[in-house]
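Novice: Below is the sequence, then the predicted model.
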Amino acid sequence: MTSCSINLKIFCTILIVFIFSLSGCQSTPDPVKSSHVIPAALSHLPADAANLGLDIIDVQLSLGDRNLYLASNGNIKMVSTAQCQLDISAHRGDFRQPESSANAIASALNDNFNSVEIDVMLLKDGTWVDHHDSQTGRATVYYTGERFKLNRMSFQQFSNLKLRDKHSNNLLNERPITAAEAFKVFGAYRTQSQQLNVEIKSDTNGQKLVELDNMLRKYIGLGGFYYSAAELDVLYKLRGINPSVYLGFIQGGHPTSVEKLAADLRKGVKNDAYYLDNQHNLELAGRYGTKRYRSRYKDYTAKSSLTQLQKKLGNNSGLHLDIRSFMQHPSVRYRAHQLGMKVYTYSLNGSDYHQSQLLKLKIGQLPDGAIVDATPYKICQRLFNASLPKKRYQASSHVGRYITSLPQDADFDRFEEMLGYQTEGYYLSLASGLKAIHSTAVNKTPNNIPTPLLEHGFPTITDEIIDNDTGDTIILRLPGRQANKN
């Protein structure tokens with residue numbers, strides 16, 4: 001009995017020590033390791049590939065069969081852009097992000113655009129800022145609702161602007177960035193091959209252009225940026241400041257494009273979101289206005305005009321023109337290349353129209369680059385079939401099998417939305433919206449009743465057979481005249 005008591009005390013002592021040791025471990029836990037081991041099956045994907053989640057390996061391998069992968073931010077991207085024989089430039093940064101924001105630049109770089117185009121202009125106090133429109137109200141809004149011209153704003157007033165959300169048009173608790181901030185963001189996120197296209201919207205003196213060029217050299221470095229402008233004199237001054245940088249002269253929009261844009265704006269004036277998003281696109285026309293535009297529009301696609309441009313801007317230069325002008329003068333690419341110049345295209349009439357025109361061209365007829373409001377995936381897939389399924393992988397999950405079943409024209413920019421149709425057997429097409437994955441022929445019941453013909457071969461019109469069996473009789477009693485009098 002005594003030995004049992006002693007053994008019980010010893011057991012209790014050990015138990016108490018064990019409990020205290022556990023509580024001690026809980027009070028000072030070991031630091032949790034944040035590193036995540038990437039599955040070996042996904043080690044070949046880029047660093048930003050998603051590697052967590054249900055059936056992620058099967059999903060990634062199913063996408064990989066198409067030269068695609070799911071990024072950690074939810075976007076679908078191409079594994080390789082080697083097939084894309086075109087410099088794809090993000091117009092004002094990523095078109096899905098607010099304009100004049102750091103996110104627009106960083107997101108475009110992360111989405112593998114070859115270059116990112118931003119617009120810079122001067123405030124009244126001489127500060128360079130990232131802003132597209134000559135006045136506030138569309139992409140940026142002053143906190144009081146008052147409209148300002150940028151060249152009459154102080155930096156203090158500029159800092160009180162708020163960005164507008166592109167999808168809802170609601171104001172964000174975020175201000176537009178200065179040019180210096182834009183350059184810092186670009187320098188921090190770019191890869192070695194990516195460049196910043198700085199479109200200068202202010203006609204200014206050489207001293208301010210020297211200041212701009214020095215900022216770009218400091219934050220990005222030579223070879224990481226180039227310039228474009230609709231004012232030839234601005235580019236001429238820049239050539240004296242920076243002898244080696246690429247200079248792109250922006251030819252005004254084609255008169256038909258300008259008139260089409262103006263007509264679309266008149267039709268969409270009741271749609272506030274559409275109107276706000278497009279009203280200042282007319283600035284790309286060269287600030288001429290639509291009424292006098294035809295008489296002042298100047299075409300630089302002729303060999304003599306290109307030669308004059310090349311002499312003024314130097315060897316590393318090019319012509320940036322409306323896609324309508326490019327299609328009207330398809331030989332401009334050949335003439336420009338003879339002079340060592342490049343040709344880029346943009347559109348006043350939307351990215352879909354831009355792409356539809358590029359699709360009409362053979363690969364050897366395409367411009368050197370396109371400034372677009374679309375993803376590199378969409379451009380490369382439509383022009384170069386860069387994401388064709390190889391059909392080498394057998395998926396095992398429901399999502400994986402849905403991915404492998406999708407036709408080659410599936411719109412993976414809308415992948416998350418497209419997943420909502422997987423059980424119904426539909427998908428979203430790049431060009432024509434909602435479609436069935438497997439279209440089946442509709443079985444039509446043939447009409448075997450011969451149609452009688454008249455003397456001259458015209459068919460007679462006969463009544464269809466009507467079923468007169470209506471079941472039990474229904475008696476309706478209507479009030480008589482006597483009832484109406486009462």
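Specialist: That came through fine. In this text the structure is predicted, and so the values were computed from the model without any measurement. Residues are numbered from 1 along each chain as shown.

Novice: From now on I want contacts and neighbour counts done on CA atoms only, so please keep to that.
Specialist: Noted.

Novice: ok, now which ones touch the residue lying closest to Trp128 once chain neighbours are set aside?
Specialist: Distances taken as CA to CA, 6 or more residues apart in numbering place Leu122 nearest to Trp128, at 4.7 Å, with adjacent residues excluded. When contacts are counted by CA atoms under 8 Å, 6 or more residues apart in numbering, Leu122 touches Trp128, Val129, Leu150, Asn151, Ser202.

Novice: could you redo the last one with a cut-off of 10 Å?
Specialist: Contacts of Leu122 were listed using CA atoms under 10 Å, 6 or more residues apart in numbering, and they are 128-131, 134, 150-155, 178-179, 200-204, 208.

Novice: Then Glu117?
Specialist: Contact analysis of Glu117 by CA under 10 Å, 6+ apart lists 89-94, 105, 108, 195-199, 225-228, 371-372.

Novice: which residues in the stretch 301-450 of the chain form helices?
Specialist: Shown for the stretch 301-450 of the chain, the helices assigned by DSSP state H, counting those that start in this stretch span residues 303-313, 323-328, 332-338, 351-358, 376-384, 398-405, 415-418.

Novice: Mind putting these into a markdown table with mean pLDDT, mean neighbour count and distance to Gly433?
Specialist: As requested, those are exported to a markdown table (pLDDT from 0 to 100; neighbours: other CA atoms under 10 Å; distance: least, CA to CA, whole Å):
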| stretch | mean pLDDT | mean neighbour count | distance to Gly433 |
| --- | --- | --- | --- |
| helix 303-313 | 97 | 16 | 41 |
| helix 323-328 | 98 | 20 | 24 |
| helix 332-338 | 97 | 18 | 33 |
| helix 351-358 | 96 | 17 | 13 |
| helix 376-384 | 95 | 21 | 14 |
| helix 398-405 | 96 | 20 | 17 |
| helix 415-418 | 94 | 15 | 10 |
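
Novice: Of the ones you listed, which is nearest Ser159?
Specialist: In terms of CA to CA, the element of the helices of the stretch 301-450 of the chain nearest to Ser159 is helix 351-358, at 31.3 Å.

Novice: Please give the centre-to-centre distance between the closest one and its chain.
Specialist: The chain centroid and the centroid of helix 351-358 are separated by 14 Å under CA atoms, centre = their mean, to the nearest Å.

Novice: Kindly state the beta-bridge partners for Leu434.
Specialist: In this entry, Leu434 is beta-bridged to Leu428, by DSSP bridges.

Novice: sorry, back to before: to Leu63, which of the helices of the stretch 301-450 of the chain lies closest?
Specialist: Nearest to Leu63 among the helices of the stretch 301-450 of the chain is helix 398-405; the distance by CA to CA comes to 6.9 Å.

Novice: could you list every residue that touches Ser351?
Specialist: Going by CA under 10 Å, 6+ apart, Ser351 touches Gln357, Ile371, Val372, Asp373, Ala374, Ile379.

Novice: 6 Å instead?
Specialist: For Ser351, the residues meeting the contact criterion (CA atoms under 6 Å, 6 or more residues apart in numbering) are Asp373.

Novice: From Ala180, how far out is it?
Specialist: Going from Ser351 to Ala180 by CA to CA, to the nearest Å gives 29 Å.

Novice: Please apply the same query to Phe95.
Specialist: Taking CA to CA as the criterion, Phe95 is separated from Ala180 by 21 Å.

Novice: Let me see the ranges of the helices in the stretch 151-300 of the chain.
Specialist: Along the stretch 151-300 of the chain, counting by DSSP H, counting those that start in this stretch, helices occupy 155-158, 179-189, 206-219, 232-241, 255-267, 272-278, 293-296.
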